[in-house]
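J.: sequence first, predicted model second:
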Amino acid sequence: MQALALVSSALIAGIPVVAVAPVPAIGFVLQMAALGTAIGSVVALRAKRRNPDTDTWAITTAWASLGLVIGTVAVAITALAA
(Lines give C-alpha, C1' and ligand atoms only; values in the text may rest on other atoms or scores of the structure.)
Protein backbone atom coordinates (compact mmCIF):
# COMPACT_ATOMS: atom_id res chain seq x y z
CA MET A 1 0.00 0.00 0.00
CA GLN A 2 2.87 2.35 0.76
CA ALA A 3 4.33 1.70 -2.68
CA LEU A 4 1.07 2.65 -4.37
CA ALA A 5 0.86 5.85 -2.34
CA LEU A 6 4.42 6.82 -3.20
CA VAL A 7 4.03 6.25 -6.93
CA SER A 8 0.62 7.92 -7.12
CA SER A 9 1.89 10.97 -5.24
CA ALA A 10 4.74 11.34 -7.74
CA LEU A 11 2.29 11.17 -10.65
CA ILE A 12 -0.22 13.53 -9.04
CA ALA A 13 2.55 16.07 -8.41
CA GLY A 14 3.31 16.20 -12.14
CA ILE A 15 -0.26 16.45 -13.46
CA PRO A 16 -1.11 20.09 -12.56
CA VAL A 17 2.16 21.37 -14.02
CA VAL A 18 0.49 21.96 -17.39
CA ALA A 19 -2.09 24.27 -15.84
CA VAL A 20 0.45 26.44 -14.02
CA ALA A 21 3.39 26.44 -16.44
CA PRO A 22 3.78 29.81 -18.17
CA VAL A 23 5.44 28.14 -21.16
CA PRO A 24 4.17 24.79 -22.48
CA ALA A 25 7.75 23.58 -23.00
CA ILE A 26 8.52 24.04 -19.31
CA GLY A 27 5.39 22.11 -18.40
CA PHE A 28 6.46 19.25 -20.66
CA VAL A 29 9.94 19.11 -19.15
CA LEU A 30 8.54 19.06 -15.62
CA GLN A 31 6.03 16.36 -16.54
CA MET A 32 8.85 14.21 -17.90
CA ALA A 33 10.73 14.73 -14.63
CA ALA A 34 7.60 13.69 -12.69
CA LEU A 35 7.25 10.60 -14.86
CA GLY A 36 10.90 9.76 -14.23
CA THR A 37 10.29 10.19 -10.50
CA ALA A 38 7.33 7.80 -10.63
CA ILE A 39 9.35 5.19 -12.51
CA GLY A 40 12.29 5.68 -10.16
CA SER A 41 10.01 5.21 -7.16
CA VAL A 42 8.83 1.86 -8.49
CA VAL A 43 12.40 0.74 -9.24
CA ALA A 44 13.59 1.93 -5.82
CA LEU A 45 10.80 0.13 -4.00
CA ARG A 46 11.58 -3.09 -5.83
CA ALA A 47 15.26 -2.71 -5.00
CA LYS A 48 14.42 -1.97 -1.36
CA ARG A 49 12.34 -5.14 -1.10
CA ARG A 50 15.18 -7.23 -2.53
CA ASN A 51 17.84 -5.62 -0.32
CA PRO A 52 16.78 -3.52 2.71
CA ASP A 53 20.16 -1.72 2.73
CA THR A 54 19.58 -0.17 -0.70
CA ASP A 55 19.64 3.63 -0.91
CA THR A 56 16.31 4.50 -2.56
CA TRP A 57 17.01 8.23 -2.74
CA ALA A 58 19.82 7.77 -5.24
CA ILE A 59 17.71 5.55 -7.50
CA THR A 60 14.73 7.91 -7.49
CA THR A 61 16.95 10.95 -8.10
CA ALA A 62 18.71 9.26 -11.00
CA TRP A 63 15.41 8.42 -12.71
CA ALA A 64 14.04 11.93 -12.09
CA SER A 65 17.20 13.40 -13.60
CA LEU A 66 16.89 11.09 -16.59
CA GLY A 67 13.30 12.25 -17.14
CA LEU A 68 14.42 15.87 -16.89
CA VAL A 69 17.17 15.33 -19.46
CA ILE A 70 14.85 13.49 -21.85
CA GLY A 71 12.26 16.26 -21.59
CA THR A 72 14.86 18.97 -22.14
CA VAL A 73 16.34 17.20 -25.17
CA ALA A 74 12.87 16.65 -26.66
CA VAL A 75 12.01 20.34 -26.29
CA ALA A 76 15.37 21.37 -27.74
CA ILE A 77 14.92 19.09 -30.75
CA THR A 78 11.41 20.44 -31.30
CA ALA A 79 12.65 24.03 -31.06
CA LEU A 80 15.48 23.40 -33.51
CA ALA A 81 13.17 21.66 -35.99
CA ALA A 82 10.75 24.60 -36.05
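T.: Yep, that arrived. Residues are numbered from 1 along each chain as shown.
J.: next structured bit after the helix or strand bottoming out on mean pLDDT in the chain?
T.: Of all helical and strand segments in the chain, the minimum by mean pLDDT, DSSP states H and E falls on helix 17-20, at a mean of 58. Counting by DSSP states H and E, the next helix or strand C-terminal to helix 17-20 is helix 24-50.
J.: for the record, mean pLDDT for that following helix?
T.: The average pLDDT within helix 24-50 is 90.
J.: the helix or strand immediately after it in the chain packs against which elements?
T.: Remark: after helix 24-50, the chain's next helix or strand is helix 56-81, criterion DSSP H and E. Here helix 56-81 touches helix 24-50, going by 3 or more Cβ pairs under 8 Å, 6 or more residues apart in numbering; DSSP states H and E. Where you see a C-beta, it was placed from the backbone N, CA and C, and this is true even at glycine.
J.: pull out the buried positions in the helix it packs on.
T.: By 16 or more other Cβ atoms under 10 Å, the buried positions in helix 24-50 come out as 25, 27-42, 44-45, 47.
J.: many thanks, we can stop here.
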